[in-house]
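Enquirer: I would like the atomic coordinates for the input below:
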Amino acid sequence: QVQLVESGGGLVQAGGSLRLSCAASGRTFSTYIMGWFRQAPGKEREFVAAIGRSGSLYYADSVKGRFTISRDNAKNTVYLQMYSLKPEDTAVYYCAASEKVGARTRYQYDQWGQGTQVTVSS
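Expert: Prediction:
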């Protein structure tokens, strides 16, 4: 298992950028598929992006071209670089880990961080 701690959230104006980080404990970080999800008030938690063990990338259509997921296995950290932020990107962002190749739904992830708030003002 891994324990996940997100950081980097905050308040930003529309059009701005933020980089989220997720630090993982444990020696097996590189074996996990790492994902980012978000949940806005009153909405279900939705997939944002994922990165596989070998670097395969997956994005939700709503963030494609604006967000970039990456990982640094030496630092046990996964990142989400967010550009051109929109008010509709406002949500709590969660980092998650899965052992399932190609995992892109929340049901395929069984380890979660506590979340970090991202607020985009118009």
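Enquirer: helices along this structure, start to end?
Expert: Counting by DSSP state H, the chain forms no helices at all.
Enquirer: report the central residue of it.
Expert: residue 36 (2.2 Å; Cα atoms, centre = their mean).
Enquirer: give me the number of residues near residue 95?
Expert: 29 (other Cβ atoms under 10 Å). Backbone N, C-alpha and C define where each C-beta goes, glycine included.
Enquirer: quick check: closest non-adjacent residue to it.
Expert: residue 22 (3.3 Å; Cβ to Cβ, 6 or more residues apart in numbering).
Enquirer: who's that neighbour bridged to?
Expert: Beta-bridge pairing of residue 22 under DSSP bridges involves residue 6, residue 78.
Enquirer: quick one: contacts for it?
Expert: 4-7, 34, 36, 77-80, 95, 113 (Cβ atoms under 8 Å, 6 or more residues apart in numbering).
Enquirer: could I have the buried ones of these as ChimeraX selection syntax?
Expert: A single ChimeraX command selects the buried members of these (16 or more other Cβ atoms under 10 Å):
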select :4,6,34,36,77,78,79,80,95,113
